[in-house]
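# Got a predicted structure here, sequence first:
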Amino acid sequence: MKNSFLCAIILLCCTNPLVAEDLTGTWASVHVAPDGNRSYTYFDLVQKGNELSGIVRFPWGDLPLIECAISGNRFHFAAAIDNARFDYNSQLVNGALQMTLSYHDGRQTTLLAERAASGLVVPPKIPLPALHAVPYNGLAARPPMGWNSWNHFHGDVDDAIIRSTADAMAANGLREAGYSYIVIDDTWEGQRDPQGVIHPNKKFPDMKALADYVHSKGLKFGIYSTPGPKTCADYEGSYGHEEQDAATFAAWGVDYLKYDWCSAFRIYANSEMRAVYQKMGDALQASGRPIVYSLCQSGKDNVWEWGPLVGGNLWRTTDDIADNWKAISANGFSQDPLAEYAAPGHWNDPDMLEIGNGGMTDDEYRSHMSLWAILASPLMAGNDLRSVKASVLSILANKEVIAIDQDALGKQGGRIKRIEQVEIWKRSLAGGDIAIAVFNRGNDVAKVSVRWSDLQLSSPAKVRDVWEEKNLIPAKELQTVLKPHAVLMMRLQMN
Ligand code: GLA
């Protein structure tokens, strides 16, 4: 939350200097999705003379308004958090705000905000269990690999997309390359029945049949929920139904749960996260089915310190990724201090892959994949696999890069040198090999020349360029020329 809390109203129209209506109060907009779900955004506005301040209340968080401007009955304001930005252009028509919401990635949607009789209703807090250590479930000995629907499809995911993605993964070599989990992210949720059992919405007519289909392709099936009453997209959450939902997921054949903090922040303090996540960790184990447990709460409350204690196999360490170099850099290059917390069964997760979503160059996507491999990060593809370009497939499926990510030692790598815009990262591998990645973070071509001894390494016996898939002639120096945002990734054999 980087911007000022108070925005000046700019009166652009000299002939109409007065604002038609004082906007002070709570406004609510509802978006009805094609699946019937109603998602709400609240705007708490305070107008004082020519100044406007306020808060946008999303299902997942509250953000201050920034960059307000008024021209007659037209209003612009925005809200921003790390890799995401929301711009609202609105017009006051018959006492309601007609809004166009533009997202940072260019998507747009229209909304109508009306004066709300009451604000957001939050259910009472259910007491949390005492802390204990949930035993390790024995899963994710290597960083999980698979595909997740969110980065490309957002709310536009349905049964047919999951089936055809499973078909694609079984046919295009990704399954053989190690990608095994297909995870349906947010917006599958429907209503609870009178017994409290959750059902999918109409986009997913039969979840058990879908899981069976994914399994029949030799793949595993994953799903998404939240400890809060509502998911980040404002669908039904697991609050107060944790054991019941874990049992339902197990009965459907779920092998992986991504559990996202979202609206839980309205009920619990950050310091209560461990108990909240423990509750679902216990419920998953009580379900009797082996289910990989993926914690998603942006790395709050130093999750890496207690993630294994709630039965977590991986935990997000960052805010949401986006399909651009700035976001990849922010999420990936910040991970150095967390290396000691990764180990087989328990992984830091700087978020899912954006490779192939179209916002970056192939050099940037190779850097993204290389950095995630050095970090022993989960590799969850996030593009449309039904129509994937050969160049993208060759990045996602590069066996030698994947072998570094999946290395049996399970030791996360880190930064060993910075030379202006160039960074050199190292990861120790089983059997004594070493992975080295040289990244050019700058916008100009970079010439790199560094002695192995300056990296505290002896001269390697063999040097393998894993992207070019060829052996280089070992020399005393590491020398390369890198295009902007490009990477050289090598596997060194030391004797
Ligand atoms: C959060 C998560 C994302 C995605 C969305 C779904 O923002 O961090 O990865 O799951 O919620 O609403």
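Cool, the structure landed.
# low-confidence ranges in the stretch 1-150 of the chain?
Applying pLDDT under 70 to the stretch 1-150 of the chain flags residues 1-20.
# which parts of it sit against the ligand?
W150 (Cβ under 6 Å from any ligand atom). Where C-beta positions appear, they are placed from N, C-alpha and C, glycine not excepted.
# how about the helices of the stretch 1-150 of the chain, start to end?
150-153 (DSSP state H, counting those that start in this stretch).
# In it, which residue sits nearest the ligand?
The stretch 1-150 of the chain approaches the ligand most closely through W150 (4.5 Å), counting by Cβ to the nearest ligand atom.
# Also the stretch 301-450 of the chain?
As assessed by Cβ to the nearest ligand atom, the ligand sits closest to D320 within the stretch 301-450 of the chain, at 4.6 Å.
# Now for the residue lying closest to that residue once chain neighbours are set aside: which residues touch it?
In this structure, D320 finds its nearest non-sequential neighbour in N83, 5.7 Å apart by Cβ to Cβ, 6 or more residues apart in numbering. When contacts are counted by Cβ atoms under 8 Å, 6 or more residues apart in numbering, N83 touches H104, D319, D320, I321, A322, N324, K326, A327, A330.
# OK, contacts around the third one?
For D320, the contact set (Cβ under 8 Å, 6+ apart) comprises D82, N83, A84, S298, D351.
# swap in the last one?
Neighbouring residues of A330 by Cβ under 8 Å, 6+ apart: D82, N83, T318.
# That one looks like it's in a helix, true?
Yes - under the criterion used here (DSSP: H, G, I helix; E, B strand; the rest coil), A330 sits inside a helix.
# So for the spatially closest residue to L457 that is not a sequence neighbour, what's the pLDDT?
Once flanking residues are discounted, L457 sits nearest to I434: 7.0 Å by Cβ to Cβ, 6+ apart. pLDDT recorded at I434 is 98.
# which residues does I434 bridge with?
Beta-bridge pairing for I434 (DSSP bridges): S428, L492.
# any idea of the mean pLDDT for stretch 222-235?
On average, the pLDDT along stretch 222-235 is 98.
# Any idea how many residues pack against E468?
For E468, the count of nearby residues is 12 (other Cβ atoms under 10 Å).
# make that E114, sorry
Look at E114: counted by other Cβ under 10 Å, it has 13 neighbours.
# The one 10 residues further on too?
Residues near P124, counting by other Cβ under 10 Å, number 6.
# For A339, which three-state class applies?
helix.
# Quick check: closest non-adjacent residue to it.
If the residues on either side of it in the chain are set aside, A339 comes closest to Q412, at 4.2 Å by Cβ to Cβ, 6+ apart.
# how far away is the one you found from A376?
Computed as Cβ to Cβ, to the nearest Å, the Q412 to A376 distance reads 4 Å.
# Which one's more surrounded, the two?
Comparing Q412 with A376 by other Cβ under 10 Å, the one with more neighbours is A376, at 26 against 22.
# start to end distance for stretch 69-79?
Stretch 69-79 stretches 13 Å from its first residue to its last (Cα to Cα, to the nearest Å).
# repeat for stretch 47-54
Taking Cα to Cα as the measure, stretch 47-54 stretches 8 Å from start to finish.
# Same check on stretch 249-258?
In stretch 249-258, first residue to last residue: 12 Å (Cα to Cα).
# what's the answer for stretch 282-295, then?
Start-to-end, stretch 282-295 (Cα to Cα) is 14 Å.
# Figure out how far it is from the centre of its chain.
In terms of Cα atoms, centre = their mean, to the nearest Å, the centre of stretch 282-295 is set 21 Å apart from its chain centre.
# tell me the mean pLDDT for it?
98.
# Next: stretch 184-201.
Stretch 184-201 carries an average pLDDT of 98.
# Report the buried residues of it.
Residues of stretch 184-201 classed as buried by neighbour count (16 or more other Cβ atoms under 10 Å): I184, D185, D186, T187, W188, E189, G190, I198, P200, N201.
# Pull out the CA atoms of it and give them to me as PDB.
Provided in PDB are the C-alpha atoms of stretch 184-201 (Å, rounded to 0.1, in the frame of the first residue of the first chain):
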ATOM      1  CA  ILE A 184      -8.700 -25.900 -10.200                       C
ATOM      2  CA  ASP A 185      -8.200 -22.600  -8.500                       C
ATOM      3  CA  ASP A 186     -10.900 -20.200  -7.300                       C
ATOM      4  CA  THR A 187     -14.500 -20.000  -8.700                       C
ATOM      5  CA  TRP A 188     -15.500 -23.700  -8.800                       C
ATOM      6  CA  GLU A 189     -17.500 -23.300  -5.600                       C
ATOM      7  CA  GLY A 190     -21.300 -23.400  -5.500                       C
ATOM      8  CA  GLN A 191     -23.700 -23.500  -2.500                       C
ATOM      9  CA  ARG A 192     -23.900 -25.700   0.600                       C
ATOM     10  CA  ASP A 193     -26.800 -28.000   1.000                       C
ATOM     11  CA  PRO A 194     -28.900 -28.100   4.200                       C
ATOM     12  CA  GLN A 195     -26.400 -30.500   5.800                       C
ATOM     13  CA  GLY A 196     -23.600 -28.000   5.100                       C
ATOM     14  CA  VAL A 197     -22.000 -30.100   2.300                       C
ATOM     15  CA  ILE A 198     -20.400 -27.900  -0.400                       C
ATOM     16  CA  HIS A 199     -21.300 -28.500  -4.000                       C
ATOM     17  CA  PRO A 200     -19.600 -27.100  -7.100                       C
ATOM     18  CA  ASN A 201     -21.300 -24.500  -9.200                       C
END
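# The protein - how does it break down into domains?
By the assignment in automatic domain parsing, the chain contains the domains 25-115, 145-405, 414-493.
# looking at the ones you listed, which is buried most?
domain 145-405 (a mean of 21; mean count of other Cβ atoms under 10 Å).
# can you give me the end-to-end distance of it?
Distance between the two ends of domain 145-405: 10 Å, counting by Cα to Cα.
# With stretch 139-152 instead?
27 Å.
# Over to stretch 144-155?
Taking Cα to Cα, stretch 144-155 runs 23 Å from one end to the other.
# which ones are touching the closest residue to L338 other than its chain neighbours?
Distances taken as Cβ to Cβ, 6+ apart put N348 closest to L338, at 4.9 Å, once the chain neighbours are dropped. Applying Cβ under 8 Å, 6+ apart to N348 gives the contacts W304, L314, W315, T317, Q335, L338, Y341, A342, L375, A376, S377, Q412.
# Counting by contacts, list what the helix or strand harbouring the first one packs against.
W304 is part of helix 303-306 when elements are defined by DSSP states H and E. In terms of contact count using 3 or more Cβ pairs under 8 Å, 6 or more residues apart in numbering; DSSP states H and E, helix 303-306 is assigned the packing partners strand 314-316.
# re the thing from before, helix, strand or coil: sort out the residue nearest to the residue of the stretch 1-150 of the chain closest to the ligand when sequence neighbours are not counted for me.
Distance criterion Cβ to Cβ, 6+ apart; nearest residue to W150, sequence neighbours excluded, is D185 at 3.7 Å. Assigned with three-state DSSP, D185 falls in the coil class.
# D185 is in contact with N148, isn't it?
Yes - with contact defined as Cβ atoms under 8 Å, D185 counts as touching N148 (5.4 Å).
# from the contacts of N83, which ones fall inside strands?
Using DSSP state E, no member of the contacts of N83 sits in strands.
# sorry, back to before: just list whatever residues bridge to the residue nearest to L338.
When bridges are taken as DSSP bridges, the partners of N348 come out as W315.
# per-residue confidence for it?
98.
# tell me the secondary structure for D301?
Secondary structure for D301, judged by three-state DSSP, is helix.
# Next, the contact list for the residue nearest to A84 when sequence neighbours are not counted, please.
Counting by Cβ to Cβ, 6+ apart, A84 lies nearest to H104, which is 5.5 Å off, once chain neighbours are set aside. By Cβ under 8 Å, 6+ apart, the contact list for H104 reads N83, A84, R85, F86, A322.
# Understood, closing this out.
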